[in-house]
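1. Sequence and computational prediction follow.
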Amino acid sequence: MKAVVKYGLEDKNVELRDMPEPTIGADDVLLEVESAGVCGSDIEFWRNKLTYPINVPVIQGHEFCGVIRDTGSNVRGFKVGDRVVSETAAYICGVCEFCRSGEYNVCPERLGFGYGVHGAFTRYVKVPQRCLHHIPEGVPFEYAALTEPISVAYNAVAVKSEVKPGELVVVIGPGPIGLFAAQIAKIHGARVVVAGLTADAKRLQAAEKIGFEAVIDVQKHDLVKEVNCRSNGVGAPLVIDAAGANAAFAQAMQVVRRNGQITKIAWNAKPLDMSLDPLVAKAATLQGTSSHTWRTWENVLLLLAAQQLNMEAMVTHVLPITEWEHAFEAAEHRQAVKAVLQPV
């Protein structure tokens with residue numbers, strides 16, 4: 001089967017290869033992939049700008065869905081022919097306090113599809129049944145494949161943050177997770193400001209199409225002034241850092257209100273090069289967030305079924321995996337909001 005494989009730890013050590021079909025165990029299903037989303041981390045792996053270890057060679061792709069083609073002897077509740085989407089935690093230890101309490105997303109031994117074990121930029125992938133969720137009727141595969149980044153945003157906004165109807169939320173970074181976070185905040189009734197760079201023009205256009213209180217290019221407009229105008233000069237109760245760069249975090253500290261919250265979704269391999277004193281002076285909370293859990297996925301699938309998310313604005317490229325490099329380049333240069341690959 002054709003697969004997009006990260007084969008080495010140098011820049012652009014990724015290529016299309018023939019790989020053997022996986023063999024499943026008693027607790028697994030063989031999933032025939034229908035759609036798989038391209039994540040920013042896939043671009044980091046391609047360009048070898050890694051923020052965490054990766055096992056090579058490995059088939060990339062961790063945002064995926066498809067149809068079950070075979071099941072192991074212990075599988076219950078899922079059958080051949082079911083339309084399903086998979087969580088990303090391909091391996092968890094199952095015995096640590098985090099796994100036992102349902103917080104397996106932060107299991108210290110967690111390995112994900114696409115970097116720890118073989119992922120879904122291919123035809124077939126082996127998936128543990130505990131990762132599976134049924135796709136609601138009427139939700140197309142290219143949308144269901146994005147359940148994972150939506151779940152990241154949902155966990156950040158609806159679980160880890162305090163967001164109230166009518167209050168101002170600033171989302172810095174209009175990438176896919178930032179735009180999904182902005183949509184989740186909007187569903188909560190918040191007044192949402194989305195901020196990005198001039199290079200984010202395509203994604204800022206998507207934000208305009210979705211519809212928020214304001215969409216701001218911070219290289220053309222003063223974000224602090226824009227936020228103050230919308231908050232009686234006190235700042236935003238919640239700021240989501242979905243950009244990752246140090247400059248974005250510095251802006252987050254500028255626009256958060258006193259006693260407010262900054263929730264940081266985006267990773268950044270570089271050390272922080274600034275003082276955190278503004279957080280202390282404002283008595284503001286800094287909240288980290290990572291991944292998602294079973295309930296998060298179920299709630300997001302309900303949102304998709306209810307058509308409460310603007311997915312049309314998000315999915316801008318649907319390509320066969322033979323055109324993976326075009327999809328990666330479109331994502332790298334911010335010409336894609338979200339690219340989806342499909343097997344051949």
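-> All right, it came through fine.
2. Let me see the ranges of the strands in the stretch 101-250 of the chain.
-> Secondary structure of the stretch 101-250 of the chain (DSSP state E, counting those that start in this stretch): strands located at 111-112, 124-128, 132-134, 168-172, 191-196, 214-217, 236-241.
3. just so I know, which of those lies nearest Ser86?
-> In terms of Cβ to Cβ, the element of the strands of the stretch 101-250 of the chain nearest to Ser86 is strand 124-128, at 4.8 Å. Using the backbone N, CA and C atoms, a C-beta is placed for each residue, glycine as well.
4. How far away from the center of its chain is the closest one?
-> For strand 124-128, the separation from the chain centroid amounts to 20 Å (computed by Cα atoms, centre = their mean, to the nearest Å).
5. do stretch 47-55 as well
-> 17 Å.
6. OK, contacts around the most centrally placed residue in the chain?
-> Compute the mean C-alpha point of the chain, and by Cα atoms, centre = their mean the closest residue is Pro149, 2.6 Å away. By Cβ atoms under 8 Å, 6 or more residues apart in numbering, the contact set of Pro149 is 37, 39, 63, 176-177, 180, 338.
7. For the closest residue to Leu197 other than its chain neighbours, grab phi and psi.
-> Closest residue to Leu197 apart from its sequence neighbours, by Cβ to Cβ, 6 or more residues apart in numbering: Gln219 at 5.7 Å. Per-residue torsions, Gln219: phi -90, psi -10 (degrees, to the nearest 10).
8. these two touch, right, Asn55 and His118?
-> No: under the criterion of Cβ atoms under 8 Å, Asn55 makes no contact with His118, lying 9.3 Å away.
9. can you list the domains in the protein?
-> Per the record, the chain has its domains at 2-146+311-342, 151-288, by automatic domain parsing.
10. Next, the distance between the ends of the shortest one.
-> For domain 151-288, the first-to-last residue distance is 15 Å (Cα to Cα, to the nearest Å).
11. tell me the mean pLDDT over that domain?
-> Across domain 151-288, pLDDT averages out at 97.
12. Stretch 123-130 too?
-> pLDDT averaged over stretch 123-130 gives 98.
13. distance between it and the chain's centre?
-> 20 Å.
14. Identify the residues contacting that stretch?
-> Contacts for stretch 123-130 (Cβ under 8 Å, 6+ apart): 1-3, 21-25, 27-33, 59, 64, 66, 69, 71-72, 74-78, 86-87, 90, 113, 118-119, 343-344.
15. Any buried residues in that stretch, and which?
-> Applying a neighbour-count criterion of 16 or more other Cβ atoms under 10 Å, the buried positions in stretch 123-130 are 123-129.
16. ditto for stretch 112-124
-> For stretch 112-124, by 16+ other Cβ under 10 Å, it's 112-124.
17. one step back: okay if I get the buried residues of stretch 123-130 as TSV plus distance to Asn155?
-> Formatted as TSV, the buried residues of stretch 123-130 follow (distance: Cβ to Cβ, whole Å):
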residue	distance to Asn155
Arg123	30
Tyr124	29
Val125	23
Lys126	25
Val127	21
Pro128	20
Gln129	22
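18. Identify the farthest-apart pair in those residues.
-> Arg123 and Gln129 (19.8 Å).
19. quick one: contacts for Ala26?
-> 72-75.
20. Shouldn't it be within a strand?
-> No: assessed by DSSP: H, G, I helix; E, B strand; the rest coil, Ala26 does not belong to a strand; its assignment is coil.
21. After the host helix or strand of Gly260, which helix or strand is next?
-> Gly260 belongs to strand 256-264 when assigned by DSSP states H and E. Proceeding N to C from strand 256-264, the next assigned helix or strand is helix 277-282, under DSSP H and E.
22. Considering the buried residues of stretch 112-124, which is situated nearest to Asn228?
-> Using Cβ to Cβ, the buried residues of stretch 112-124 come closest to Asn228 at Gly112, 40.1 Å.
23. mind listing what the one helix or strand Val84 maps to pairs with, with the direction of each?
-> In this assignment (DSSP H and E), Val84 forms part of strand 83-86. Taking DSSP bridges as the criterion, strand 83-86 sits next to strand 63-71 (antiparallel), strand 132-134 (antiparallel) in its sheet.
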